[in-house]
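Visitor: Next input, structure requested:
(one chain, ligands or ions: 3)
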Amino acid sequence: MTNFVKIFDTTLRDGEQAPGFSMSSGQKLAMAEALEGLRVDVIEAGFAAASPGDFEGIRAIAEMVKDVTVCSLARCNDGDIRASGEAIKPAKHGRIHTFIATSPLHREFKLKMDKDEIVRRAVAGVELARQYTDDVEFSCEDAIRTERDYMKRVCEAVIRAGATTINMPDTVGYTTPEEIEDLFRFLTTEVDGADGVTWSAHCHDDLGLAVANSLAAIRGGARQVECALNGIGERAGNCALEEVVMALRTRKDFFGMDTNIRTEGLYGASKLLAAITGNAVPRNKAIVGKNAFAHESGIHQHGVLANRETYEIMKPEHVGVSTDNLVLGKHSGRAALRNRAEKLGFTLSDNQLQSVFVSFKELADAKKEVFDSDIEALVLGEAVGQAGPWEIESLYVSAGSDENRIPKATVSLRHEDGRTQQHVSEMLGPMNAVFDAISQITDTPMELEHYSVNSVSGGEDAMAEATVRVATEFESYQGRGASTDTVLASALAWLDVINRIERRAVRTGSIAAQH
Ligand SMILES: CC(=O)SCCNC(=O)CCNC(=O)[C@H](O)C(C)(C)COP(=O)(O)OP(=O)(O)OC[C@H]1O[C@@H](n2cnc3c(N)ncnc32)[C@H](O)[C@@H]1OP(=O)(O)O
Ligand SMILES: CC(C)C(=O)C(=O)O
Ligand SMILES: [Mg+2]
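Guide: Numbers count the residues shown, from 1 in each chain. Ligands and ions are numbered 1, 2, ... in the order given. You can find the predicted model right below:
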């Protein structure tokens, strides 16, 4: 038996069929390109008979992709199989994947077919598919809840009919690692003709076991795993491609298996899928989540700085994650703070480190994350929100309930080098107009990610504290401003960010000659 596991990606079929994950043909093409770049072995591009759009999507992928097998799913009926055969025609390597349910529940209540009828349909489906391609996969839907002797019978019949891959889906995510390992051991040893086909696992995550079950199936003899990026798929999803692949790579000592996957592309492909479908990857998601290689606790950071392997079992660069990602926050210690300060170009004496650390903890208590720009401000002995080099000379805003009058902000800023500049912005919201005027004067385009204003004291002269989080081309910054006037507090928060950016640019010399 080979020690190579084929990766059959079903992001564009099982993944796409889940609510909230549908993709246009163009988006599917972009994903298929990314999957080819990952070097998956098979792309299940859709279900050709489902709709003309699905058919065209599969065809377009079959035309574009060169090095990967392109597959279409089909029920065991003539129409589905013919549609799949036509859709994969342009592919250099095309596969038809035909399926029918075999479990008692599905036979009785869904298909209303007896055992013999299902075998007859399965065989006819495989034989028809073989007229289009030599590469035919057959799946016993709900295999896990099917009687073993009947499953053996179905498998032997479809192998004789010409199926080259036999897939055992855990359609409802019901199995356990021990059970599925045993099932594959049974099938690969007891089914006549088992040696001539590839055995495949298709696990769903209803009990959170899809990856564990897929790995167990491999131990039992499966040599193809069906999976999807970010684990998307029906209900709780499919086995996550990035997880099963990295488990095989990281624990090669245990599984002894190889895949073809270029793992360095995993993070990018996952991000692309999240962007295309609008479903963000949870922070704590294995392999590709924002926290997967991030360490905030002081003890962990201390260990990672000494040797990353103390708290990391994979190298972030092996999955395409950049390595500078110790998140500084209220649980961080001096070692991480000193390290980050050094990366930003500051060498701190022990005394300096001690005093910066005190202010750092105060700031970290008030914020979720402390950004590089905050560290810079602390090291330079500046309070967050302190003015300079720009300060507000005057600010006037007009806004109101009259729909015909667009809110207008007139802002005048003074730079410490003596310049004074004014700009008038008209925008749909008054704060938009203020932020835009400040950005225009300072020539600093920024995208607002988060904006909040809170009252930090009581009474008529309550202080308002405004916080903005903005994205520039390179980094996220957080700015704060406080005033009894909420508009002014917000403008100061925006300007706080701009001042930090300019101070950093001056220090690194990148705008030395600008003015
Ligand atoms: C576990 C899985 O992921 S299976 C794949 C799920 N994916 C999809 O369903 C893709 C999207 N589906 C669709 O667009 C539609 O369901 C279509 C176009 C495929 C079929 O639509 P319709 O013809 O209206 O049928 P409908 O969806 O209502 O019912 C499914 C029919 O297929 C039959 N069927 C289900 N599975 C199979 C099978 N593997 N082989 C043969 N017939 C099957 C059902 O018994 C039912 O038959 P009936 O209409 O005679 O009662
Ligand atoms: C069509 C089959 C392979 C499937 O997706 C399942 O049973 O979960
Ligand atoms: Mg499925």
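Visitor: what lines up beside the helix or strand where I100 lies in the sheet?
Guide: Assessed by DSSP states H and E, I100 sits inside strand 94-101. Strand 94-101 has these partner strands in its sheet, going by DSSP bridges: strand 69-75 (parallel), strand 136-141 (parallel).
Visitor: Point out the other helices and strands that the lowest-mean-pLDDT helix or strand in the chain packs with.
Guide: Every helix and strand of the chain was ranked by mean pLDDT, DSSP states H and E. The lowest is helix 372-379, at a mean of 72. With contacts taken as 3 or more CB pairs under 8 Å, 6 or more residues apart in numbering; DSSP states H and E, helix 372-379 sits against helix 334-343, helix 350-366, strand 476-483, helix 486-508. The way it works is simple: take the backbone N, C-alpha and C, and place the C-beta from them, glycine included.
Visitor: tell me the SS of the nearest residue to H204 once chain neighbours are set aside?
Guide: Distances taken as CB to CB, 6 or more residues apart in numbering place G173 nearest to H204, at 3.6 Å, with adjacent residues excluded. Of the three states, G173 takes coil under DSSP: H, G, I helix; E, B strand; the rest coil.
Visitor: returning to what we had before: got a markdown table for the strands paired with strand 94-101, with distance to E449 too?
Guide: Output for the strands paired with strand 94-101, formatted as a markdown table (distance: least, CB to CB, whole Å):
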| stretch | distance to E449 |
| --- | --- |
| strand 69-75 | 39 |
| strand 136-141 | 44 |
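Visitor: okay, those strands in CSV with mean neighbour count next?
Guide: Output for the strands paired with strand 94-101, formatted as CSV (neighbours: other CB atoms under 10 Å):
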stretch, mean neighbour count
strand 69-75, 27
strand 136-141, 26
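Visitor: For ligand 1, which of those is the nearest?
Guide: Among the strands paired with strand 94-101, the nearest to ligand 1 by CB to the nearest ligand atom is strand 69-75 (3.3 Å).
Visitor: Identify the residues contacting that closest one?
Guide: Residues from elsewhere that reach strand 69-75, judged by CB atoms under 8 Å, 6 or more residues apart in numbering: 8, 13, 41-49, 58, 61-62, 80-81, 83-84, 87-88, 91, 93-100, 125, 129, 135, 137.
Visitor: go on, stretch 399-410?
Guide: 394-398, 422-430, 432-434, 436-437.
Visitor: Make a PyMOL selection of the buried ones in the residues you listed.
Guide: Of these, the buried ones can be selected in PyMOL as follows, counting by 16 or more other CB atoms under 10 Å:
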select buried, resi 395+397+423+425+427+430+433+434+436+437
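Visitor: Inside helices: which ones of the contacts of stretch 399-410?
Guide: 430, 432-434, 436-437 (DSSP state H).
Visitor: on that earlier part again, I118 is nearest to which of the strands paired with strand 94-101?
Guide: The closest of the strands paired with strand 94-101 to I118 is strand 136-141. By CB to CB, the value is 9.1 Å.
Visitor: mind checking how far that closest one is from the chain centre?
Guide: Averaging C-alpha coordinates over strand 136-141 and over its chain gives two centres that are 29 Å apart (CA atoms, centre = their mean, to the nearest Å).
Visitor: How about stretch 143-161?
Guide: 37 Å.
Visitor: hmm, back to that, now the strands paired with strand 94-101 as TSV including distance to Y451 and mean pLDDT?
Guide: Output for the strands paired with strand 94-101, formatted as TSV (distance: least, CB to CB, whole Å; pLDDT from 0 to 100):
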stretch	distance to Y451	mean pLDDT
strand 69-75	46	98
strand 136-141	49	98
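Visitor: which stretches of this structure have low pLDDT?
Guide: 322-325, 344-345, 367, 373, 377, 380-387, 455-464, 474, 507-515 (pLDDT under 70).
Visitor: what residues go with each domain of the chain?
Guide: If you go by automatic domain parsing, the domain ranges for the chain are 6-277, 298-379, 390-508.
Visitor: Which one, of those domains, ends up nearest to ligand 1?
Guide: domain 6-277 (3.3 Å).
Visitor: Ligand 2 versus G37, what's the distance?
Guide: 24 Å (CB to the nearest ligand atom, to the nearest Å).
Visitor: ok, and the closest non-adjacent residue to that residue?
Guide: According to CB to CB, 6+ apart, the nearest residue to G37 is G265 (5.3 Å).
Visitor: mind listing what that neighbour touches?
Guide: 34, 37-38, 320.
Visitor: Pull the number of nearby residues for N284.
Guide: Counted with other CB atoms under 10 Å, residues neighbouring N284 total 10.
Visitor: Could I get the phi/psi values of the residue lying closest to it once chain neighbours are set aside?
Guide: Of all residues not flanking N284 in the chain, N291 sits nearest, at 5.3 Å (CB to CB, 6+ apart). Dihedral pair for N291: phi -90, psi 0, per degrees, to the nearest 10.
Visitor: just to revisit the earlier point, with respect to K285, which of the helices and strands packed on helix 372-379 lies nearest?
Guide: It's strand 476-483; of the helices and strands packed on helix 372-379, that one is closest to K285 (CB to CB) at 19.8 Å.
Visitor: With only the CA atoms kept, save the closest one in CSV.
Guide: Provided in CSV are the C-alpha atoms of strand 476-483 (Å, rounded to 0.1, in the frame of the first residue of the first chain):
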residue,chain,number,x,y,z
SER,A,476,-3.6,49.2,11.8
TYR,A,477,-3.4,52.1,14.2
GLN,A,478,-5.5,53.1,17.1
GLY,A,479,-5.8,56.7,18.1
ARG,A,480,-7.5,58.3,21.1
GLY,A,481,-8.7,61.8,21.8
ALA,A,482,-10.5,63.4,24.8
SER,A,483,-12.4,66.6,25.0
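Visitor: List the neighbouring strands of that strand plus their orientation.
Guide: In the sheet, strand 476-483 lines up with strand 464-471 (antiparallel) (DSSP bridges).
Visitor: how big is the angle separating the partner strand from helix 350-366?
Guide: 100 degrees (axes from the mean of the first three to the mean of the last three CA atoms, to 10 degrees).
Visitor: What residues of strand 464-471 count as buried?
Guide: Buried-residue list, strand 464-471, by 16+ other CB under 10 Å: 464-470.
Visitor: Make CSV from the ones in helices among the contacts of stretch 399-410 and add distance to ligand 2 to it.
Guide: Formatted as CSV, these follow (distance: CB to the nearest ligand atom, whole Å):
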residue, distance to ligand 2
P430, 52
N432, 47
A433, 52
V434, 53
D436, 50
A437, 55
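Visitor: Next up, the contacts around R95.
Guide: 42, 69-72, 88, 133, 135-137, 165.
Visitor: redo that, cut-off 6 Å
Guide: Residues near R95 by CB atoms under 6 Å, 6 or more residues apart in numbering: 69, 71, 135, 137.
Visitor: again, but for H450
Guide: H450 neighbours (CB under 6 Å, 6+ apart): R469.
Visitor: how about A30, secondary structure?
Guide: helix.
Visitor: next one: the one 10 residues further on
Guide: Under the three-state scheme (three-state DSSP), the conformation of V40 reads as coil.
Visitor: Can you tell me who the residue lying closest to it once chain neighbours are set aside pairs with across the strands?
Guide: Excluding its sequence neighbours, the residue lying closest to V40 (CB to CB, 6+ apart) is D9, at 4.3 Å. Beta-bridge pairing of D9 under DSSP bridges involves I43, C227.
Visitor: Quick check, D9 in contact with A45.
Guide: No - D9 is beyond contact range of A45, at 9.5 Å (criterion: CB atoms under 6 Å).
Visitor: before we move on, the earlier item: can you tell which of the helices and strands packed on helix 372-379 is closest to ligand 2?
Guide: That would be strand 476-483 among the helices and strands packed on helix 372-379, by CB to the nearest ligand atom, at 39.0 Å.
Visitor: quick check: angle from that closest one to helix 486-508?
Guide: 130 degrees.
Visitor: How far off centre is strand 476-483?
Guide: Using CA atoms, centre = their mean, the offset of strand 476-483 from its chain centre is 29 Å.
Visitor: Provide the count of other residues in contact range of the residue nearest to N284.
Guide: For N291, using other CB under 10 Å, the count is 14.
Visitor: How about N499?
Guide: Neighbours around N499, by other CB under 10 Å: 25.
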